[in-house]
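coords please:
(2 chains)
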Amino acid sequence: MFHILLSLGEGERHGYAIKREISRRTDGKLKLGSGKLYGSIKRMLELGLIEESDDRPDPHLDDERRRYYRITSYGRKVAQAEAERMRKLAHLATTTFGLPKHA
Amino acid sequence: MPNAPFSLKLYRLLLKFYPAGFRYDYAGPMEREFRDELAESTGALVLARLWIRLLADLAVSIPLQFLREVSQDARHTLRLWANRPWQMGFAILALAIGTGANTGVFSVVNALLLRSLPFREPERLASLGTFLPPHGSATEFHEWRQQQSAYLSDAALIEQFDVNLGGVQNAIRAHISNTSWNFFAILGVQPVIGRNFQDGEDAHGNIAAAIVSYGLWQQLFAGDQRVLGSTIRVNGAPVIIVGVAPAGFGYPGNTVLWKAADYSPGNNGWETIARLKPGVTWPQARAAFEVEADRLWPQRDRIGNSERYPRMASLQNELAGPVKNASLMLMVGVALILLIACSNVANLLLARTADRTTELSIRCALGASRARIAQQLLTECLLLSFVSAIAGLFVALWTTSVAAKVQPAPLSTQSYSILGGPVLAFAVAVAIASSVLFGVLPSLYASRVHPFGTRGSSGTRSLRLVREALVAAQVMLTIVLLTASVSMGRAFLNLMKTDRGFGTKGLVTVSVSLDGTTHALDGRRLPYFEESLDRIRRLRGVQDASETEFLPLGANGFVGGPFGFDGRPAKLNSTMIPVMSDYFQTMGGHILYGREFNDAEVHSDANVAVVNERFATEFGSAANAIGHEVTIGRHTRMRIIGVVKGMDYMAETMDTAHSNQIFVPAHSPGGFVSTFVARVDGRAEDWLPAIRDTISSVDKQVPVFAAKTMEQRMNEVVARPKFYRTAVLCFAAFAMLLAVIGIYGVVSYAVALRTREMGVRLALGATPIRLRGSLLRQGLLSVAIGAIFGIAAAMVTGRFLESLIDGAKSTEPTTLILAILSIGLIASASIWAGTRRIARLDVLDILRIE
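The predicted model follows:
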C-alpha cells in the first residue's frame, strides 16, 4: 500500500503505470499482480487514501477502460506519517547497531 | 502472436470468478493491463512466466475479494434479519425442522437400505424365513444342503434363544444362537482371533465348540487371548470357546455366543439362510426353491398357516422388513413437508424482496450491478439455509434417537447415525436444494427491479391462485393433524387410565432363571424360591413380596387349555398362571370374593385355585363360585378359594383381562420366566439394587436379570402409542407453523404489491383499519375453503385412526370446532400482522415516489 501511495506521489497514474512504477523503484524485485493491486486500490479508495480522477492526461491516446487514481491530501498525510515512523525506526536502528561498514 | 486471442479469452474467463462488485469495478482495467503485458511478452518462456505470475495472483486475490464481499453481504443480511426477528425466526425454524426431519429419516433409510450388510457379497444372501429343511440330524441337514447345489452355493440353520451363561458363580442371562457349522462361512465373517467352526463340528456327541461376540470377550475375559480353549457353561452344559467374532457382529438379534446346532426331529424353531450360487438370478433361485419346498412339504397349502409358507427373500430386505416400508413412506412425507416449508419461505422472501424494491432500486441507481444484487440475495438465501441446516442437525439427532428407541435396527452395525459421510452429504444437498427452491422466486423478482422503481406489477394471476391454493391446502392439513392429535392424545390418556388389574406404583420386579443350575432339579426348586422370598420379605421397607411364573404385560407364551367348572367345559380356553402366596396383595390386584393362597398351600401343592371374574361369571354369579371346582380333564380338580379381577398379561392387546385366567399355587416354580415382585415404601427405582442383591445372595449361580420397576415395564409397553401421539402432535404444531408462515407470506406480498393502490385509497379517505379489514376478509376466504376440505378430511382420517389405534375415537364435533377456531384465530392474526404496514403508510410518501 505504501508503495502505491509513493508511486502516486508524483501525479496521477493508472493501474498499469502504478505497477510499472513500483517495479522500477524496487529494481524489479516487487512485481504486483493485477488482482492484488486492485484489491489494495479498492481498500485505499474505501479508506479515502486515494481517489479516482476523472480527467485523462491524453484522451486521444488512452483507452477509456483505464482508470486513473490520485493521492488525496489525507493520503499524503498518512504517507508522511508512515515515512516519519520509518525514519524514526531507521534512526533507532542505526544508533543501536551503527551503519554497515561497506555502506 | 498466435496465442494472444486464446490467452485473452482465458483471462476473461478467469476474471469472471471474481465476486460481482469487484468484477464490475475492475475487470475492465485488469483486462486492459493484461493486454499491455501480453504485448510486451514475446516468446513462449516469457508468456509462461507471465501466466504463472497471473495465476498465483488470481489464486490469492479471488478468495480474498470473495471473503470481503460475502462478509459484507452477510453483515447486511444479519442487519436485515435483526429488523424482522419474528419473520426470520419462523423461517429458520420451519426450514430447520424440514431439513432436520429429512436428514433424520434419511439416516434410517441409509442404515437399513443403502448401507450394505457387514457380510461378504450381502446382496447374494437369502433368508428362507421359517422354511424347515430336514433337520433330524447333522447328516440329514448337510445332505439336503448339498442337494441344493443347483441354485444355492450354501445354506445354514440358526436357532436363537435366551440362556444362563457363565461358570458356576455369577451366571448371566444371555441371547445366543445355535447354528450349523457353516454359519460364519456362509456370511463370509472371520473371527478376529481363533478359528471358525469346522466341518462336522455340529455332529452329535462332540463337546460343542462356541464362538463368542467381541463384547462378551471384553466383558467376561477382559480381552484376554487365553479365552481360546476355555470353557463356558450354557445352561450348565460346558462349551469350548474356539473363536471371537469381529466387533459389532451380533447377527442374529444381538447374539453374544454362537454354538454348534443341536439337531432333533421335533425342533422347529429354526431359521434358514442361504447364499445364491454364482450366476443364478433371484427369480431362478426362487423358482427352484419353490419346487424343492413343494417336494418337502406337499401339504403346505392345506396347513393354512401363511407364516409357514416357504418364501425366499433377500436377507437385507428381510432384516429391514418391519422398518422398510414405514421409513420409505416417512421419507416421502417429510420430503413433501420440506417442499411446503420451502414454498412458504419463498413466499415470505418474495414479499420481503417486493418490500425492499426501494432499497434495491436505490442500490441499482448508485451503481450496483445486477449481478452484485443477485449475489446479495444469493448470500441471504445461502446464509438462511446454512443457519437452518445447522439447527436442523439437532432436529435430525433427535429424530434418529427417537427412531432408534421406537424401531431399533436389526443389526448393531446398522445404528442410525447422522455423522456418516452419506448422511451429511444428504443434509448438505437438502440444504442447497432448499435454498435454491426458496431463493429462486425472490431472485427472479429482483432481476426485474429497475433503477427507476417498479411499476406495480401484481404477478400473474395464475401464480397468485397457486399461492392461495397452497394456503388452503395447509389449512386443511393443519385441521386434519390437529384433530388427529387431539383424538390420539385422548386415546393415550385412556390407555394410561385403564385399570389393568394391578397397580404400578412402588412395585419392583426382578427375574431369575434356574436353567442349568443345581436348583433345576424338581425337589430343589421351591426351597430356592421360598428362601429368596423370605429374605426379600425381611428387608425393612418391603411391604409385600411374591413370585409369579408369568408377569403381567411381559408374557409371550402361556400354558393352559380347555378348563372346566365342576366338569362343565368353559367356552374359551383358559390360561394357567402359577403364583406364590400374597401375589394379589403385592401386585395391588383386586380380590372380589374369597382369598388368595397362603404359604402352606403353595408348600404342600394344595389342590386349590383362584379364578378371574370372567371365568366365574360364565357359570353363574361370581360370589357363588367359591367352593366349586376347576376341572382339567377328568382327574384334576382344584377347589376355588378366590375370585379376582383379571390382569392384563399381554403387552399389545387390551382384552386379556376378559379372557379366562386360572391362578394356581406355584409348587414347582422356575419352569418359565420366574419373576419376583415386591411392593416397597418410597421410590421403586431406589430399591432395584437392594432386591437384586438380596436374590443373588441366595445363590450366585442363578442369574438375576431384568430388574425393573413395574412403571418402567409399563412405559416400555406404551412407548409406541406415546411416540405416535408425540409425533402427530409435533406434526400438527409444525403444520400450524407452516400455515402461519404461508398465510403471512401471501398476505404481506399482496400488500407490498398494492402499496400504491392502498395509498390512493387512503388519500381518498379510507381508514387503515377498513383497508386491513377488507384484506382480512379476502385472506380468510382461502382459509375458509381450506377449512371446508379440512373438515371432510378430518372425518375420514378420524375413522381411519379409530380402526388403527385402540381407544382412538373418531373425530368429535367439539374437537373439529376447536381446531377450526384455532386455525381461524391464527390465520386472522397472521393476516393482521401481514397488513400491519398499511397502518404505518404515509400517503404523501407513497404519492411522492410515484
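
mind telling me which residue of the stretch 651-800 of chain B is nearest chain A?
residue B:752 (33.0 Å; CB to the nearest CB). Every residue, glycine included, has its C-beta placed from N, CA and C.

correct me if wrong: that residue contacts residue B:351.
Yes - assessed by CB atoms under 8 Å, residue B:752 is found in contact with residue B:351 at 5.5 Å.

the two: which is more packed in?
Taking neighbours as other CB atoms under 10 Å in any protein chain shown, residue B:752 and residue B:351 compare with residue B:351 leading, 24 against 19.

and that one, how far from chain A?
33 Å (CB to the nearest CB, to the nearest Å).

and residue B:510, by the same measure?
Distance, residue B:510 to chain A, by CB to the nearest CB: 74 Å.

buried ones in stretch B:758-776?
Residues B:758, B:759, B:761, B:762, B:768, B:771, B:772, B:775, B:776 are the ones in stretch B:758-776 that count as buried (16 or more other CB atoms under 10 Å in any protein chain shown).

now do that stretch: distance to the chain's middle.
Taking CA atoms, centre = their mean, to the nearest Å, one finds stretch B:758-776 lying 51 Å from the centre of the chain it belongs to.

then stretch B:148-159?
For stretch B:148-159, the separation from the chain centroid amounts to 33 Å (computed by CA atoms, centre = their mean).

quick one: contacts of stretch A:76-96?
Stretch A:76-96 has contacts (CB atoms under 8 Å, 6 or more residues apart in numbering or on different chains) with A:2, A:5, A:6, A:9, A:49, A:71.

list the buried ones in whichever strand or helix holds the third one?
Under DSSP states H and E, the secondary-structure element containing residue A:6 is helix A:2-8. Neighbour counts using 16+ other CB under 10 Å place A:3, A:4, A:5, A:6, A:7, A:8 of helix A:2-8 among the buried residues.

just these that are near chain B?
Applying CB under 8 Å from any CB of the partner chain, the subset of the buried residues of helix A:2-8 adjacent to chain B is empty.

what's the closest of those to residue B:630?
Lowest distance from residue B:630 to the buried residues of helix A:2-8 (CB to CB) belongs to residue A:4, with 106.6 Å.

okay, now the residue of the stretch 101-250 of chain B found nearest chain A: neighbour count?
Chain A sits closest to residue B:103 of the stretch 101-250 of chain B, with a gap of 38.6 Å, by CB to the nearest CB. The number of residues packed near residue B:103 is 28, by other CB under 10 Å.

same check on residue B:429?
Neighbourhood size, residue B:429 [other CB under 10 Å]: 13.

show me what contacts it?
Under the criterion of CB under 8 Å, 6+ apart, residue B:429 has no contact partners.

swap in 10 Å and give it another go.
When contacts are counted by CB atoms under 10 Å, 6 or more residues apart in numbering or on different chains, residue B:429 touches B:102, B:103, B:106.

next, residue B:239: secondary structure please.
Secondary structure, DSSP: H, G, I helix; E, B strand; the rest coil: residue B:239 is strand.

make sure it is actually in contact with residue B:232.
Yes - here residue B:239 reaches residue B:232: they are 6.0 Å apart, a contact under CB atoms under 10 Å.

what's the local residue count around residue 95?
Went with chain A since none was named. Other residues close to residue A:95 by other CB under 10 Å number 8.

not quite, go with chain B.
Applying other CB under 10 Å, I find that residue B:95 has 28 neighbouring residues.

ok, now residue B:13?
9.

circling back: hang on, the residue of the stretch 101-250 of chain B closest to chain A in a helix?
Yes - per three-state DSSP, residue B:103 lies within a helix segment.

list the contacts of it.
So residue B:103 contacts B:110, B:334, B:389, B:392-393, B:395-397, B:399-400, B:418, B:423-424, B:426-431 (CB under 10 Å, 6+ apart).

what of residue B:468?
The contact partners of residue B:468, by CB under 10 Å, 6+ apart, come to B:742, B:743, B:746, B:750, B:778, B:779, B:781, B:782, B:783, B:785, B:786.

now residue B:68: how far from residue B:35?
Separation of residue B:68 from residue B:35 (CB to CB, to the nearest Å) stands at 27 Å.

repeat that for residue B:685.
Residue B:685 is 82 Å from residue B:35, by CB to CB.

who has more neighbours out of the two?
Per other CB under 10 Å, whichever of residue B:685 and residue B:35 has more neighbours is residue B:35, with 17 against 12.

list the buried residues for the helix or strand the more buried one falls within?
Take DSSP H and E as the rule and residue B:35 turns out to sit in helix B:20-40. Buried positions in helix B:20-40, judged by neighbour count with 16+ other CB under 10 Å: B:20-30, B:32-38.

so who does the residue in chain A that chain B sits nearest to touch?
Residue nearest to chain B within chain A (CB to the nearest CB): residue A:33, separated by 2.4 Å. By CB under 10 Å, 6+ apart, the contact set of residue A:33 is A:19, A:39, B:30, B:53, B:54, B:55, B:56, B:57, B:58, B:59, B:60, B:61.

and if we set it to 6 Å?
Residues in contact with residue A:33 (CB atoms under 6 Å, 6 or more residues apart in numbering or on different chains) are residue B:57.

and what of residue B:437?
Neighbouring residues of residue B:437 by CB under 6 Å, 6+ apart: residue B:342.

residues of chain B that sit close to chain A?
Residues of chain B lying near chain A by CB under 6 Å from any CB of the partner chain: B:26, B:28, B:29, B:30, B:32, B:33, B:36, B:57, B:58, B:61, B:65.

which pair in these spans the largest distance?
Using CB to CB, the residues of chain B next to chain A span at most 21.9 Å, a distance reached by B:36 and B:65.

so which bits of the one helix or strand residue B:364 maps to are buried?
Per DSSP H and E: residue B:364 is located in helix B:357-365. Neighbour counts over helix B:357-365 (16+ other CB under 10 Å) mark B:357, B:360, B:361, B:363, B:364 as buried.
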